[in-house]
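K.L.:
Got a sequence here, can you build the structure:
(one chain, ligands or ions: 2)
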Amino acid sequence: MCIFCEIIKGNIPSKKVYEDEDILAILDISQTTKGHTLVMPKKHYENFLEMPKDEYASLMAKVQDLAKQIINNLEAKGCNILINTNEVAGQSVMHCHVHIIPRYDENDTVSFRFSENDLDLDEVLAAIKKENC
Ligand code: 5GP
Ligand code: ZN
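P.N.:
Residues are numbered from 1 along each chain as shown. Ligands and ions are numbered 1, 2, ... in the order given. Next comes the predicted model:
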């Protein structure tokens with residue numbers, strides 16, 4: 001069972017921020033910050049890598065609209081847009097969704113740490129460009 005498919009079907013209640021034929025946006029139950037929203041395709045895809053390009057483009061266009069709306073109406077100063085992809089990256093619900101996390105203060109409860117590695121950049125580049133998928 002997919003919990004987001006059940007929410008989309010209306011079998012599990014949710015606070016709907018936006019809905020159309022293809023997309024649903026709901027308040028995240030955890031409210032990391034006020035207005036934390038999840039935007040998802042109604043069709044079940046495990047992650048964004050699986051989505052057809054046009055559906056992904058429409059989803060992200062709606063994410064942009066909703067981010068503007070949330071920032072303006074909640075008087076946030078910015079936002080983080082986050083797509084956790086696969087368990088290793090913290091994805092816990094295996095139905096593609098985009099987090100909109102409004103930001104009010106640099107010292108709020110959200111933290112992303114980008115620590116440094118001493119990798120050889122040319123080697124990294126060569127590895128990335130090895131094959132065109
Ligand atoms: P992930 O870790 O997969 O990127 O994010 C899943 C998100 O879904 C989490 O932030 C979690 O709080 C949220 N979530 C899990 N179950 C429910 C639910 O039943 N309702 C709502 N609204 N959010 C949920
Ligand atoms: Zn699903």
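
K.L.:
any chance you could map the strands in the chain?
P.N.:
Here the chain has its strands, by DSSP state E, at 16-19, 23-27, 37-41, 78-82, 98-103.

K.L.:
Out of the ones you listed, which one sits most buried?
P.N.:
A comparison of these by mean neighbour count, using mean count of other Cβ atoms under 10 Å, puts strand 37-41 on top with a mean of 23. Bear in mind the C-beta positions are built from the backbone N, C-alpha and C, glycine included.

K.L.:
Is ligand 2 within reach of that strand?
P.N.:
No - remark: strand 37-41 sits outside contact range of ligand 2, by Cβ under 5 Å from the ion, the gap being at least 8.1 Å.

K.L.:
which residues touch the spatially most central residue of the chain?
P.N.:
Per Cα atoms, centre = their mean, the C-alpha nearest to the average position across the chain is that of residue 98, at 1.7 Å. Residue 98 makes contacts with 38, 39, 40, 48, 59, 60, 63, 81, 82, 83, as judged by Cβ atoms under 8 Å, 6 or more residues apart in numbering.
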